[in-house]
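**Student:** this one's structure only:
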């Protein structure tokens, strides 16, 4: 994008991109009717064509995945109804439609009615999985609801004859195409349920267009299937055809032949299974017989003659008697020992004995008390002597006796400990070991240690 002053100049890519986004955002998916022209089928499998009417035409593209699901291949000149999204092909700037569904134009009204009926029946629960019934594993007879002249009946009979030739098959004839077909199918289903002569029903028809299969989309057929007391297998059309009858039925098959295969077990497979089960049963019985024989042989080995059994019981009785005798003797001995211990304890508790023991203990305690008291007095006396001697050693008189003197100030009575505390000419009192001296200080000599 380039800007020239106030003008906003678009590139071609910007214009086509913004146009595509504008067109795709404005138009939702829509239905459009027109005539096919310029149809091209390249090797990729995509379809390219135009839709036109009397006044205009528009290019269309239908990609391969969508085309395969549509089930309808258009031709030039075909009037079709398409569901498409509006778009723009940017490389060429072409306006186009991207088609995801295509059908003949006449089927549109039928499909709208079909969708409306399907929505109503689904709301009522006719399609619910919970109401579906299981098929009997071994049916006694199979019923077929179809046209007697249709190819579907022959396909079903061929499959049933191949899978289980002896299985009875009951035909409930009805119309499968046309205006009266729906009522005819409903009557056949009602008759099959009322007669109750089969275990399951096959509702089948070959393929065809939407109009051909329309009786199987009628409400009367859907409700007849829902109220039928027999399980119903629906095999209508081909695999891509899904009708309302298919959705209401207890089981849906892709084709009439597939419906017959689902409802009828394969006799060959069943017979092979029975044979396999028989072989397994024979092996199991043989193994069990071997186990029983082994148990019997073991039981025989442990089985004793009655005389031998009596001898064993007699021996066990003798052993039990000996054990009882020994137990009795041991019990008496324990009782005797217990009585002796009690007698000893009782004798020890007699008053005379207790009194003698108490007197002996008292004498012992008195002797110990006298000894302890003498030891205590001696220890106290010795300690007193030591303390007295120590007191004498530290007494002032003992210090004076060793040649020391005590100097007092006679005026204050204080003891002089430092020569510097005296003054020359001061009168002092000197106490000696014996007597005292009154002296006058002539001078003060300094401490020799200074």
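**Tutor:** It's in. Everything quoted here is computed from the prediction, not taken from an experiment.
**Student:** Which SSE is immediately downstream of the helix or strand containing residue 117?
**Tutor:** In this structure, residue 117 sits in helix 108-124 according to DSSP states H and E. As assigned by DSSP H and E, the chain's next helix or strand after helix 108-124 is strand 142-146.
**Student:** Could you tell me how far that following strand lies from the centre of the chain?
**Tutor:** From the chain centre to the centre of strand 142-146 is a distance of 48 Å (CA atoms, centre = their mean, to the nearest Å).
**Student:** Tell me both backbone torsions, phi and psi, for residue 132.
**Tutor:** phi -70, psi 140 (degrees, to the nearest 10).
**Student:** Thought residue 252 was touching it, still the case?
**Tutor:** No: with contact defined as CB atoms under 8 Å, residue 132 does not count as touching residue 252 (9.9 Å). Quick note: C-beta positions are derived from backbone N, CA and C, even for glycine.
**Student:** how about the strands in the stretch 101-250 of the chain?
**Tutor:** 142-146, 169-173, 200-205, 232-236 (DSSP state E, counting those that start in this stretch).
**Student:** For the longest one, which helices and strands make contact with it?
**Tutor:** Using 3 or more CB pairs under 8 Å, 6 or more residues apart in numbering; DSSP states H and E, the elements in contact with strand 200-205 are strand 142-146, helix 151-163, helix 181-195, strand 232-236, helix 256-263.
**Student:** Show me what counts as buried in whichever strand or helix holds residue 16.
**Tutor:** Residue 16 is part of helix 12-26 when elements are defined by DSSP H and E. Within helix 12-26, the residues that count as buried by 16 or more other CB atoms under 10 Å are 16, 20.
**Student:** quick one: the helix or strand following that helix to helix 108-124, angle?
**Tutor:** The element immediately downstream of helix 12-26 (helix or strand, assigned by DSSP H and E) is strand 30-40. Using axes from the mean of the first three to the mean of the last three CA atoms, to 10 degrees, the direction of strand 30-40 lies 130 degrees away from that of helix 108-124.
**Student:** Just give the strands next to strand 30-40 in its sheet, each with its orientation.
**Tutor:** Strand 30-40 sits in its sheet next to strand 47-52 (antiparallel), strand 79-89 (antiparallel), going by DSSP bridges.
**Student:** Quick one: mean pLDDT for the shortest one?
**Tutor:** Spelled out, that is strand 47-52. For strand 47-52, mean pLDDT rounds to 92.
**Student:** what's next to it, contact-wise?
**Tutor:** 32, 34-42, 57-63, 67, 74, 76, 80, 82, 97, 99 (CB atoms under 8 Å, 6 or more residues apart in numbering).
**Student:** Touching, residue 425 and residue 439? I think so.
**Tutor:** No: Residue 425 is beyond contact range of residue 439, at 11.3 Å (criterion: CB under 8 Å).
**Student:** rewinding a little: out of the strands of the stretch 101-250 of the chain, nearest to residue 14?
**Tutor:** Closest of the strands of the stretch 101-250 of the chain to residue 14 is strand 232-236, at 53.6 Å (criterion: CB to CB).
**Student:** what lines up beside that closest one in the sheet?
**Tutor:** Here, using DSSP bridges, strand 232-236 pairs with strand 200-205 (parallel), strand 251-252 (parallel).
**Student:** quick revisit: now for the helix holding residue 117, which elements pack on it?
**Tutor:** Counting by 3+ CB pairs under 8 Å, 6+ apart, helix 108-124 packs on helix 219-227, helix 244-248.
**Student:** okay, the ones you listed, which one's buried deepest?
**Tutor:** Among the helices and strands packed on helix 108-124, helix 244-248 has the highest mean neighbour count (mean count of other CB atoms under 10 Å), at a mean of 23.
**Student:** any weak-confidence spans in the stretch 51-200 of the chain?
**Tutor:** Applying pLDDT under 70 to the stretch 51-200 of the chain flags residues 66-72, 106-110.
**Student:** returning to what we had before: pipe the strands of the stretch 101-250 of the chain into JSON lines and attach distance to residue 325 per row.
**Tutor:** Converted to JSON lines, the strands of the stretch 101-250 of the chain look like this (distance: least, CB to CB, whole Å):
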{"stretch": "strand 142-146", "distance to residue 325": "87"}
{"stretch": "strand 169-173", "distance to residue 325": "91"}
{"stretch": "strand 200-205", "distance to residue 325": "84"}
{"stretch": "strand 232-236", "distance to residue 325": "88"}
